[in-house]
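pasting the sequence and the predicted coordinates here, then a few questions.
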Amino acid sequence: MSIKYEVRSNEKLGRYLVAAKDLKAGERILSDQPFVLGPNSDTSLVCFNCYLPLISKFLVCKNCAVAPVCPGDGCPEQFQKWHTQQECEFFRNLKLNKGINPMTMVQNVGSLLVLRAILKRDFNHQEWKVFMELETHLDRRRGSNVWEYYDNTVKFIQSLGILDNGQNKDLVQKICAAIDVNSFEVRGPPIPAIECAEILRGVYLQAALLAHDCVANTHISINDRNVLVCHASTDIKKGDIIYHNYTDALKGTTIRQQHLMIGKYFICTCSRCSDVTEMGTYMSSAICSKCKTGYVSKKADVWECNSCGKETEKTDIEHKIKCCSEKFEVINKKDEKDLEEYIKNVSLVLAPNHYLLLDAKQRLAGVLRDIINREPRPTKKVMRRKIDLCKEILPVLEVLSPGICRTKAITLYELHATMVQLSKKMFDGREISASAYVDELLNAEKYLKRSLEMLVIEPGNSPEGELCAKALEEYRALKLSMAKVMDAIHAQGKSYQSENVTEVSLHPEVD
Ligand SMILES: C[S@@+](CC[C@H](N)C(=O)[O-])C[C@H]1O[C@@H](n2cnc3c(N)ncnc32)[C@H](O)[C@@H]1O
């Protein structure tokens, strides 16, 4: 494989990756095995071998008699195993020499990742050296709350007697810092029956060098063997910096910056962070209380309307946003009515793409999807509402996550699915002609194809990979439906003529 990236370094970013050649959207840039993978520092008990949660009971590894592992038939075969022979031997010696017992491990599961990183020192010296060179911001952490927070981990590791005499607790703090600053969130194995997973953290030594931008040009996926693959999400020119977004693209600038400062110790100065309109989305703005049409956005210490120019005291606007945010915390986010009510009220105060509204709209689209899938005869009103919500969310995603984006792919898929269902219902009810039905299916096909273009790079065995397989099936079914309707049109001696209707969600609401 030709070289896709080079490592550079500068004062501002430290080390970072640049494209060594022109890269096309969807092109694979790198693939990386985890240097270390494990549970979060505040996790509840997980199996040391496969990372499934251990809820009520567990066994201990037969060989070392220390590591807590899955009860019953043991860890499911298909999951990767992390309690290595070397670790097992290490625990066995600890038990023999220091009388360590399984309860010590149960109580310190949050320090397992750090322990596993230290054990790498003896078994993979080269990788350990690279790990130790990662950015840690140790001086910024020294004496802070996070330093204190990891005191328990320091004490636990010291109690195991694995640090050489000359090594002080700074080494453990450095490992904690290297993990905090450089790790990626990794989905643990799917928990049987409840279809969700523990969130783990993994350090990937190549991917750790990716610099951050709030509008990234890469797409990261991690498969069920925990291999990280980084694709270009847009075309990247040779010499351009390869960026990953360390934070959530669907949050406003203040929240993203807080997250980056607390976890990664820098102030982001990207084009989105430097633009009060957040690239024209007005994602953190409120509606102007004077002219009622403009959006007020934060400009240094005041908030200014983009239409009438009125300046509003920072405290006034920030109080309003805080109220909307607190209200969002307490509503039932699985309830259609609560979400609709919230959207209605908050739309009077905040700009239409405000991140709180977008969050509420995404959740409402999910609730409506469940209703549509559950009900034997979902109403057209519900389907139209879901279509409208997807169409409101997509343009924002298009701006903030250009090119390949997981949320966009899922939203496009959902949009297509509901368009197909709604147009079928209307055609079956003789509310639209066969040609209008074909028009609708063609529109849905466009969304589905765009979704598929993004989903194909997802690992086959991930939830998105499974969605890709489903979307492919639906693509075939859609083609078949269109062919059948066309045949029916021809059988009547007519030909298909596009009616160029606007998409069905905009038709008058008749149920
Ligand atoms: C995951 S590491 C990236 C690799 C790191 N530059 C190195 O040399 O090891 C994250 C750190 O890189 C730096 N960094 C990444 N993106 C940045 C950006 N957009 N602005 C400033 N610093 C950034 C910060 O120091 C951050 O804590």
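Okay, I see it.

what's near enough to touch residue 353?
Applying Cβ atoms under 8 Å, 6 or more residues apart in numbering to residue 353 gives the contacts 281-283, 396. For the C-beta atoms, the positions are set from N, CA and C on the backbone; glycine is no exception.

which pair of the residues you listed spans the longest distance?
The span of the contacts of residue 353, defined through Cβ to Cβ, is set by 282 and 396 at 9.8 Å.

tally of neighbours for residue 244?
20 (other Cβ atoms under 10 Å).

got the phi and psi for it?
phi -120, psi 150 (degrees, to the nearest 10).

any weak-confidence spans in the stretch 151-300 of the chain?
165-167 (pLDDT under 70).

change it to 90
158-170, 190-198, 224, 299-300 (pLDDT under 90).

spell out which parts of it neighbour the ligand.
Taking Cβ under 6 Å from any ligand atom as the contact definition, the stretch 151-300 of the chain meets the ligand at 181-182, 208-209, 211-213, 264-266, 268.

quick check, nearest of the contacts of residue 353 to the ligand?
Nearest to the ligand among the contacts of residue 353, counting by Cβ to the nearest ligand atom, is residue 283 at 19.0 Å.

how much space between the closest one and residue 210?
Distance from residue 283 to residue 210, counting by Cβ to Cβ, to the nearest Å: 24 Å.

how about residue 450?
Distance from residue 450 to residue 210, counting by Cβ to Cβ: 26 Å.

who's more crowded, these two?
Comparing residue 450 with residue 210 by other Cβ under 10 Å, the one with more neighbours is residue 210, at 26 against 17.

what about the closest residue to residue 15 other than its chain neighbours, neighbour count?
Among residues not flanking residue 15 along the chain, residue 9 sits closest, at 4.6 Å (Cβ to Cβ, 6 or more residues apart in numbering). Residues contacting residue 9 under the criterion other Cβ under 10 Å number 10.

do residue 52 as well
As a burial measure, residue 52 scores 20 neighbours (other Cβ under 10 Å).

report the contact partners of it.
By Cβ under 8 Å, 6+ apart, the contact list for residue 52 reads 46, 70, 75-76, 79, 188-189, 191, 198.

quick check: it vs the ligand, distance?
In this view, residue 52 and the ligand are 28 Å apart by Cβ to the nearest ligand atom, to the nearest Å.

so for that residue, what's the pLDDT?
Looking at residue 52, its pLDDT is 93.

for it, grab phi and psi.
Per-residue torsions, residue 52: phi -70, psi 150 (degrees, to the nearest 10).

same thing with the one 3 residues further on?
Here is the backbone geometry of residue 55 (degrees, to the nearest 10): phi -80, psi -60.

check the one 3 residues further on too.
Recorded main-chain torsions at residue 58 are phi -150, psi 160, according to degrees, to the nearest 10.

could you tell me how many residues sit around it?
19.

surely it meets residue 44?
No: at 11.7 Å, residue 58 and residue 44 do not qualify as touching, with contact defined as Cβ atoms under 8 Å.

top of the contacts of residue 52 by neighbour count?
residue 46 (25 neighbours).

please tell me how far that residue sits from the ligand.
On the measure of Cβ to the nearest ligand atom, residue 46 and the ligand end up 25 Å apart.

please apply the same query to residue 148.
Taking Cβ to the nearest ligand atom as the measure, residue 148 falls 20 Å from the ligand.

give me the element that residue is part of.
helix 145-149 (DSSP states H and E).

tell me the helices and strands packed up against that helix.
Packing partners of helix 145-149 (3 or more Cβ pairs under 8 Å, 6 or more residues apart in numbering; DSSP states H and E): helix 169-182.

and the next element down the chain from the helix it packs on?
Immediately after helix 169-182, counting by DSSP H and E, sits strand 184-190.

who's in contact with stretch 445-459?
Outside of stretch 445-459, the residues within contact range by Cβ under 8 Å, 6+ apart are 26, 28, 219, 221-224, 229, 231, 404-406, 408-410, 412-413, 415-416, 419, 464-465, 467-468, 471-472, 474-475, 478-479, 482.

residues of it that come out buried?
Judged by neighbour count (16 or more other Cβ atoms under 10 Å), stretch 445-459 contains these buried residues: 445, 447-448, 450-452, 454-455, 457-459.

try stretch 150-166
Neighbour-count burial for stretch 150-166, with 16+ other Cβ under 10 Å as criterion, is recorded at 150, 153-154, 156-157, 160.

quickly list the domain ranges of this protein.
Domains of the chain are assigned by automatic domain parsing as 1-33+204-245, 38-198, 375-511.

between those, which one is nearest to residue 308?
Closest to residue 308 of the domains of the chain is domain 375-511 (Cβ to Cβ; 24.3 Å).

average pLDDT across that closest one?
For domain 375-511, the mean per-residue pLDDT is 92.

then stretch 57-64?
92.

so what's residue 104 up against?
Neighbour list for residue 104: 66, 156 [criterion: Cβ under 8 Å, 6+ apart].

what's the answer for residue 128, then?
Residue 128 sits next to 120-121 when contact means Cβ under 8 Å, 6+ apart.

for the helix or strand hosting it, list the C-alpha coordinates in PDB.
Using DSSP H and E, residue 128 maps to helix 125-132. Extracted in PDB, the C-alpha atoms of helix 125-132 (Å, rounded to 0.1, in the frame of the first residue of the first chain):
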ATOM      1  CA  HIS A 125       9.300  -2.500  24.500                       C
ATOM      2  CA  GLN A 126       9.100  -0.800  21.100                       C
ATOM      3  CA  GLU A 127       5.400   0.100  21.300                       C
ATOM      4  CA  TRP A 128       5.800   1.000  25.000                       C
ATOM      5  CA  LYS A 129       8.500   3.600  23.900                       C
ATOM      6  CA  VAL A 130       6.100   5.100  21.400                       C
ATOM      7  CA  PHE A 131       3.300   5.200  24.000                       C
ATOM      8  CA  MET A 132       5.500   7.000  26.400                       C
END
